[in-house]
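1. Please find the sequence and the predicted model below.
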Amino acid sequence: MKMKLIPKPVPDLAFGLILALAAMSVSADICPVLPGPRPDIWFDCWDCPYQCHGDADCQAESMGRYRVYATDVLIFQAAWKSAREWPVVYPDFAYNPCVDFDRDFDVDDCDGNILETWFGQRNVPPDCPGRPLELLPMNQNALIAGSTYTIEWTDVPSCCSSRYKLEYSTDNGESWLQMEPNEVSGTCSFDWIAPAVDSNQCLLRIEDAIPFMYDTGVVVIRDTTDDPFTIFQCPETLTGDLDEDCYVNFRDFNVLSLNWHVEPNFQTLAALAEQWCACGNPYDPACAY
């Protein structure tokens, strides 16, 4: 939801409001540092890298010299007057998140103070936090090729209603391959079948399938796994893996023992014992089959 409450600039009104803001003398006492926005809500305009400093429309004005200028004042004026006439709490229709610069879900004097501070400045920093989209840490550092692994992430809003594009890399991010299907939507998890590769430089990446367009360029919201992980194909020489889980362990001895009374197989027993004693796990760098 991106609210487009952008009236035609009226310089006299704009600068009149700036004078009024300057006379407010908003103190730091009524602008407390908040812990952050509600975890279940995030608005498109909050992804603008200048929005938290007073740039309501995320557009440069006056021949591109200023990020916070007359149009931003007018947008704030409309929302601030509405909030003063009627106590507005989200999701009231009068609430405009694009002028909620401190993101406390109220358009108030604190937002006016932010607008006053940055109005007409040429050094407004593009350092406003964007929407958090985060992959959850992997619960294992190696995957068997062909096995199913559940990828999970968090998003705001928490209902995970966006469309997401999932990709993976086998060369530490030098190149990326799309998963199938190309996109998922309405969920914050995906069951991925690990590809048939052998690599210890694998990464996962998730991004919002719909980028945001601003005059600063295209903003793509994404996250990548912090550390590389491994994908291994199960080696055909791992003959002691009787339950086909790509491990040689006690479970394979159990499979052998259940059929021992029908057909004893000392050759398989010897191979199983040898491979298990070597390490029993082909993901261990010390293993070599």
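-> Yes, it's here.

2. Which parts of the stretch 1-150 of the chain are strands?
-> Counting by DSSP state E, counting those that start in this stretch, one finds strands in the stretch 1-150 of the chain at the ranges 134-135, 142-144, 148-154.

3. Roughly how far does residue 179 sit from residue 131?
-> Note on residue 179: its distance to residue 131, by Cβ to Cβ, to the nearest Å, is 22 Å. (C-beta placed from N, C-alpha, C; glycine too.)

4. Going by neighbour count, which residues in the helix or strand that residue 164 is a member of are buried?
-> Counting by DSSP states H and E, the element that carries residue 164 is strand 163-169. Of all the residues in strand 163-169, those buried under the rule 16 or more other Cβ atoms under 10 Å are 164, 165, 166, 167, 168, 169.

5. Pairing partners for that strand, with directions?
-> Using DSSP bridges, the strands paired with strand 163-169 are strand 177-185 (antiparallel), strand 199-208 (antiparallel).

6. so for the last one, what's the average pLDDT?
-> For strand 199-208, the mean per-residue pLDDT is 94.

7. thinking again about what came up before, weakest of the strands of the stretch 1-150 of the chain in terms of mean pLDDT?
-> The minimum mean pLDDT among those belongs to strand 142-144 (a mean of 89).

8. I would like the residues contacting it, please.
-> Judged by Cβ atoms under 8 Å, 6 or more residues apart in numbering, the contacts made with strand 142-144 from elsewhere in the structure are 149, 194, 202, 229, 230, 231, 232, 233, 234, 245, 246, 283.

9. among the residues you listed, which ones are buried?
-> Here, 16+ other Cβ under 10 Å leaves 149, 194, 202, 229, 230, 231, 232, 234, 246, 283 buried among the contacts of strand 142-144.

10. Of those residues, just say which sits nearest to residue 255.
-> The closest of the buried ones among the contacts of strand 142-144 to residue 255 turns out to be residue 246 (Cβ to Cβ; 14.0 Å).

11. low-confidence ranges in the chain?
-> Screening the chain residue by residue with the criterion pLDDT under 70, one finds the ranges 1-40, 83-94, 157-158, 281-289.

12. Could you list the domains of it?
-> What automatic domain parsing lists as the domains of the chain is 11-118, 134-232, 237-289.

13. ok, and which of those has the densest surroundings?
-> For these, ranked by mean neighbour count under the definition mean count of other Cβ atoms under 10 Å, the leader is domain 11-118 at a mean of 18.

14. how close does the nearest residue in space to residue 69 that is not next to it in sequence sit to residue 73?
-> With Cβ to Cβ, 6 or more residues apart in numbering as the measure, residue 61 is the residue that lies nearest to residue 69, at 3.8 Å, once sequence neighbours are left out. Computed with Cβ to Cβ, the distance linking residue 61 and residue 73 is 10 Å.

15. how long is stretch 211-218 from one end to the other?
-> Across its full length, stretch 211-218 reaches 6 Å between end residues, using Cα to Cα, to the nearest Å.

16. hmm, back to that, just put the buried residues of strand 163-169 in TSV and tack on distance to residue 120.
-> Formatted as TSV, the entries for the buried residues of strand 163-169 read as follows, by distance: Cβ to Cβ, whole Å:
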residue	distance to residue 120
164	39
165	39
166	43
167	42
168	47
169	45
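
17. ok, those residues vs residue 219, which is closest?
-> For these, the closest approach to residue 219 (Cβ to Cβ) belongs to residue 165, at 14.8 Å.

18. residues in contact with the closest one?
-> Contact criterion Cβ under 8 Å, 6+ apart gives 178, 182, 183, 206, 207, 208, 209 as the residues in contact with residue 165.

19. Repeat that for residue 221.
-> Contacts of residue 221 were listed using Cβ under 8 Å, 6+ apart, and they are 47, 130, 131, 133, 207, 208, 211, 212.
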